[in-house]
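> could you work out the structure for the sequence below:
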Amino acid sequence: MSSEDSQLDFKQSILEGIPSILPTKKDFDPEINHAPKRKEILNQEEKVLAIQNALRYFKQEHHKELAIEFKEELEKYGRIYMYRFRPDYTIKAKHIDEFPHQSTQAAAIMLMLSNNLDYAVAQHPHELITYGGNGAVFQNWAQYLLCMKYLAEMTNEQTLVMYSGHPMGLFPSHKDAPRVVVTNGMMIPNYSKPDDWEKFNALGVTQYGQMTAGSFMYIGPQGIVHGTTITVLNAGRKISNDGLAGKLFVTAGLGGMSGAQPKAAKIAGAVSITAEINPKATHTRHSQNWVDEVYDDLNQLLVRTKDAIQQKEAVSIAYQGNIVDLWEKLAEEKMKVDIGSDQTSLHNPWAGGYYPAGFTLEESNTMMAEEPEKFKVEVQKTLRRHVDAVNKLCDNGMYFFDYGNAFLLEASRAGADIMEGNKFKYPSYVQDIMGPMCFDYGFGPFRWVCSSNEEKDLETTDKIATSVLKEMLESAPSEIKQQIEDNLRWIKAAGENKLVVGSQARILYADAEGRIKIAKAFNEAIAKGEISAPVILGRDHHDVSGTDSPYRETANIYDGSQFTADMAIHNVIGDSFRGATWVSIHNGGGVGWGEVINGGFGMVLDGTEDAERRLKSMLHWDVNNGISRRSWARNEGAIFAIKRAMDSEPRLKVTIPNLVNDDSIQGLF
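Presented below is the predicted three-dimensional model:
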């Protein structure tokens, strides 16, 4: 088949949507990294309901055959994925014009969600899971096919409504409305416990969208590489002023998000060891050159590590095995570890996010599916050992922080020695690093994707962003110079660090001023033809305003409001009427289902005056909403930042807190 015929077949397949004739059943591919079997949680009546729910996507003439097939999937995998309907074409980011469309904005969304399911990007692509063990783009393949068809057909006078992966339909709207509105996991609060996710996801009525999985904004591990680089650099500054050369960083996880850790540590100049239990994940990161060396023998690993420290070598090493075995070996050898953390998927501890010591991966997966209560006991036993080893190394001078994966929370629930009074012994990275140094000043993970899918356009955007940051640095107040300098260092080296996996994307931490100036410069470059196709803006939900999460994004808010979710809800509503191309709001993400509300946006820049109007309005709100909330919580950096924002925009008027002296309240109770 010629490339022209192949492209025509691709477009026709998308426009067909759910095929009227049943496609041939797909063989299960053992070479693909698959999701583990999910917990069996439905009773007999609920299993029937799950199959009824799945069959409503298909004509009645197919129900009898598909009912048997879906029953088999439900029993074998714990979910109905509809593997038969996985398309034959390769799913990946392409040039925007290769997607059939009537709306350029809709085509941009097709590009982005396709990137989330690229084999080089997605953690479990056949189960439509992008990262984090359960971060889903869709619940099943029928939803994918229907969504792509709607996007191909829609105009700029319609909005596609997405209920937890299900395309509810196209509704009349207008050109300034979002093209897509996404919700994921929006539960009645009393039905938002981990087992509720298991049950209602198995029924096919909700999903865990993580953050950028279900919002079509994942750009591969590059996004977290940058955030981790900034985090590790600033963690290094907390322990010394002479950089990270010759210093050891130890952590765990090489999956969808956590796989960024070794690359980031190397960019920051450290020696790093990252443990990973899944050989497929380790192989993926090693083959991508995100890990330099792999060891499964702890003695050999320590010899190599000591040599790297002595030589002050920037090198990323993976330990193929359980993280607890590594920590206990380091503690036993009394080895000096400078910085420690963890990025296993502990938001998902009972479904493959964390594995117990003393069992193989296969044994653990079997136990998880067949003996879930025993699996939970073994995981909690391992967490207690994990914390004991970390405590010993911290007594020897290690700086340890929770990397927002619910490690401290789940360790405390397991009865580990992790508490001092009613507080955790160790800080969240947001409490100590990201909150006071970045979020309070409005700096967060701004990102963009070149819809041409061409490297030369990405190089042009890098040069534009570098120029904008250099200009900003000249007049920046001292409070934010370090943040701008770190991002200049990052963007200058981004190309040589070969961070692109999937779409031609870039990320950097910028404040509202930086985001608006960079976006405006991109839009002008598109209008002039210097960038050949539209640019898609977005951000991680892990940002200044996008997420309410008391153990992560809002962990450095101490007025009691860290347990509220007004900020994230206001943010997505405000973005939707200020010009976002699509918006999303999720329950769960990062630290787990029921523990966080988070949202995001996407915005297409096409070189028009309309695009410039939208970017100025929406990006200003998207950052300053969060700064105002952090300011009201009496965060010093945020008070500085919001006053500066009001000085530059006379229409902005934010309530500033009056600080209370201790003398005024001392002795009241």
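> pull the CA atoms of the one helix or strand H283 maps to into CSV?
Remark: H283 resides in helix 279-287, with elements defined by DSSP states H and E. In CSV, the C-alpha atoms belonging to helix 279-287 read as follows (Å, rounded to 0.1, in the frame of the first residue of the first chain):
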residue,chain,number,x,y,z
PRO,A,279,12.0,-5.2,33.6
LYS,A,280,9.9,-3.9,30.6
ALA,A,281,9.9,-0.4,32.1
THR,A,282,13.7,-0.6,32.8
HIS,A,283,14.4,-1.8,29.3
THR,A,284,12.3,1.1,27.8
ARG,A,285,14.2,3.8,29.7
HIS,A,286,17.5,2.2,29.0
SER,A,287,16.8,1.9,25.3
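> what's it in contact with?
For helix 279-287, the surrounding residues in contact (Cβ atoms under 8 Å, 6 or more residues apart in numbering) are N33, L254, G255, G259, P262, E276, V291, V294, A318, Q320, L361. Any C-beta I mention is one placed from the backbone N, CA and C, and that applies to glycine too.
> in it, which residues are buried?
A281, T282, H283, T284, R285, H286 (16 or more other Cβ atoms under 10 Å).
> what is the mean pLDDT for the helix or strand that comes right after that helix?
Read in the C-terminal direction, the helix or strand following helix 279-287 is strand 293-295, with elements assigned using DSSP H and E. With pLDDT averaged residue by residue, strand 293-295 scores 98.
> ok, and what's touching strand 293-295?
The set of residues external to strand 293-295 that reach it, using Cβ under 8 Å, 6+ apart, is T282, H286, L301, R304, V315, S316, I317, A318, Y319, Q320.
> okay, and the closest residue to I526 other than its chain neighbours sits in which element?
The shortest distance from I526 to any residue other than its chain neighbours is 3.5 Å, reached at G607 (Cβ to Cβ, 6 or more residues apart in numbering). Secondary-structure assignment from DSSP H and E places G607 in no helical or strand segment.
> just to check, G607 is in contact with S532?
No. Taking Cβ atoms under 8 Å as the contact criterion, G607 and S532 are not neighbours in contact, 10.7 Å apart.
> more neighbours: which of those two?
G607 (20 against 15; other Cβ atoms under 10 Å).
> roughly how far does the more buried one sit from S20?
Relative to S20, G607 is positioned 40 Å away (Cβ to Cβ, to the nearest Å).
> quick one: residues contacting S240.
For S240, the contact set (Cβ under 8 Å, 6+ apart) comprises K247.
> low-confidence ranges, this protein, go.
The model of the chain has pLDDT under 70 over residues 1-5, 256-257.
> and it, what are its domain boundaries?
What automatic domain parsing lists as the domains of the chain is 3-120+138-160+184-202, 222-427, 442-663.
> out of the ones you listed, which comes closest to G214?
Taking Cβ to Cβ as the criterion, domain 3-120+138-160+184-202 is the member of the domains of the chain that comes nearest to G214, at 4.2 Å.
> would you agree R447 falls within a helix?
No. R447 sits outside any helix when classified using DSSP: H, G, I helix; E, B strand; the rest coil, being strand.
> that one touches H541, doesn't it?
No. With contacts defined as Cβ under 8 Å, R447 does not count as touching H541, sitting 11.5 Å away.
> skipping adjacent residues, who's closest to P221 in space?
Distances taken as Cβ to Cβ, 6+ apart put A260 closest to P221, at 4.2 Å, once the chain neighbours are dropped.
> actually, E455.
Leaving out its chain neighbours, the residue that sits closest to E455 by Cβ to Cβ, 6+ apart is Q504, at 6.1 Å.
> what do you get for K175?
If you skip the residues right next to it in sequence, K175 has N156 as its closest partner in space, 4.7 Å away by Cβ to Cβ, 6+ apart.
> also H386?
Spatial nearest neighbour of H386, chain neighbours left out: V324 (4.9 Å); criterion: Cβ to Cβ, 6+ apart.
> thinking again about what came up before, comparing R447 and H541, which shows the higher neighbour count?
The residue with the greater number of neighbours, taking R447 and H541 and applying other Cβ under 10 Å, is H541; the counts read 33 against 22.
> look at that one and tell me its secondary structure.
On the three-state scheme (three-state DSSP), H541 is labelled coil.
> same thing with V181?
At V181 the chain is in strand, as set by three-state DSSP.
> list the contacts of L619.
L619 makes contacts with A512, R515, I516, A519, L537, M603, as judged by Cβ under 8 Å, 6+ apart.
> in those residues, find the pair that's most separated.
Looking at the contacts of L619 by Cβ to Cβ, the two members farthest from one another are A512 and M603, with 14.1 Å of separation.
> just give me the neighbour total for the residue nearest to F85 when sequence neighbours are not counted.
Nearest in space to F85, with sequence neighbours left out and distances taken as Cβ to Cβ, 6+ apart, is W141 at 3.9 Å. Number of residues near W141 (other Cβ under 10 Å) recorded here: 22.
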